[in-house]
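Trainee: Fold the following for me, if possible:
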Amino acid sequence: MLAVATADAQTMVEAAQKAGVYLMYGENWVYAPSITRAERLITASKGTIVELRGGECHSGSHSPYSKIWRYTGGGALLRLGAHPIGAMLYLKQQEGLARQGQPIRPVAVSAEVGDLSRIRSVAAEAKSWIVTGWQDVENWAALIITFADDARAIVYASDAVLGGMESKLEIFLSNSHLKCNLSPNNLLQAYSPQPDVFGDEYIMEKVNTSAGWSTPIPDEDWSSGHLAMCQDFIAAVAENRPARADGNLGLEVTRLIYTAYVAAATGQRIEIDAA
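Mentor: Below is the predicted model:
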């Protein structure tokens, strides 16, 4: 899969270049307001990103196909981990371009993956709130990325987290510290003693009750970056320029994720092939 997926992504990038068109990569984290604001602060600080920590977690995919490798090509690492990975690679690329005219690339990765629903005591529970039935994909993943400048990134992804979607990125710089909360955020906090108080009002993705304290997100499409992403894609076509999240970023994310699967399978730290 490392060879096949990377080759397919490379072919897409080359085909777009040959046709004289722009290939966009649909990574909403790059466009999330909290991360774009953090990017401006990073640029203003002129500091070095020494470490990134981030992940996406929730209580399992809406799709039954997510549990089968042949339909998805991976589990939590691919479906969820791709988002923080994309943002991390993008920020290090931009730092390198600003500092030395060349993006700072990932050069090695180590990883572990697993299925937490197979923990014996979890499997024995009469009713498990953790989604089960994963066939041949992981529902949990963690990895460490090493960049060419020796900066590090820690990525986590899980389908075994209750309480709604969690999408967070923490950025440690030589002169500052930034925390980005895509979900949940505290623009609005609400409390209800019973789940029927707010009727059928939407609270946030993957939260299974509105009872108690919750964080109803005012505009999830905005806070997650989807609106800004679509706007940039349209503007890129109109202005004949690359999008901020382009095919090359997608290629880098694909290469890193499948290298991480190799690292998890072998139990080794694997160097990332830039070819």
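Trainee: Quick one: distance of stretch 185-196 to the chain centre.
Mentor: Centroid displacement of stretch 185-196 relative to its chain, using C-alpha atoms, centre = their mean, to the nearest Å, is 26 Å.
Trainee: If you count neighbours, what's buried in that stretch?
Mentor: By 16 or more other C-beta atoms under 10 Å, the buried positions in stretch 185-196 come out as residue 185. C-beta here means a position set from N, CA and C on the backbone, and glycine is covered the same way.
Trainee: from here on, count from 338
Mentor: Sure, I'll start numbering at 338, so the last one becomes stretch 522-533.
Trainee: what sits up against that stretch?
Mentor: 371, 535, 540, 546-555, 560 (C-beta atoms under 8 Å, 6 or more residues apart in numbering).
Trainee: tell me the average confidence for stretch 363-382?
Mentor: Averaged across stretch 363-382, pLDDT comes to 95.
Trainee: Same question for stretch 518-538.
Mentor: Mean predicted confidence for stretch 518-538 is 84.
Trainee: now that stretch, how far from the centre of its chain.
Mentor: The chain centroid and the centroid of stretch 518-538 are separated by 24 Å under C-alpha atoms, centre = their mean.
Trainee: Same check on stretch 356-364?
Mentor: Worked out by C-alpha atoms, centre = their mean, stretch 356-364 lies 19 Å from the chain centre.
Trainee: Which is the succeeding secondary structure element to the helix or strand in which residue 432 is found?
Mentor: Under the criterion of DSSP states H and E, residue 432 resides in helix 419-437. Note on helix 419-437: by DSSP H and E, the next helix or strand toward the C-terminus is strand 443-451.
Trainee: in that next one, what's buried?
Mentor: With burial defined by 16+ other C-beta under 10 Å, the residues of strand 443-451 counted as buried are 443, 445-448, 450-451.
Trainee: Quick one: end-to-end distance for stretch 363-374.
Mentor: End-to-end span of stretch 363-374 (C-alpha to C-alpha, to the nearest Å): 19 Å.
Trainee: now the strands: where do they sit in this structure?
Mentor: Assigned by DSSP state E, the chain shows strands spanning 386-394, 443-451, 477-484, 489-495, 503-510, 514-520, 527-529, 549-551, 607-608.
Trainee: Could you dump those strands into a markdown table with distance to residue 467 added?
Mentor: Below are the strands of the chain laid out as a markdown table (distance: least, C-beta to C-beta, whole Å):
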| stretch | distance to residue 467 |
| --- | --- |
| strand 386-394 | 12 |
| strand 443-451 | 13 |
| strand 477-484 | 10 |
| strand 489-495 | 10 |
| strand 503-510 | 15 |
| strand 514-520 | 19 |
| strand 527-529 | 25 |
| strand 549-551 | 20 |
| strand 607-608 | 30 |
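Trainee: weakest of those by average pLDDT?
Mentor: strand 549-551 (a mean of 77).
Trainee: Can you list the strands that that one pairs with?
Mentor: Here strand 549-551 has these sheet partners by DSSP bridges: strand 527-529 (antiparallel).
Trainee: Setting aside sequence neighbours, what's the nearest residue to residue 441?
Mentor: In space, and not counting its chain neighbours, residue 441 is closest to residue 433: 3.6 Å by C-beta to C-beta, 6 or more residues apart in numbering.
Trainee: Thanks a lot, see you next time.
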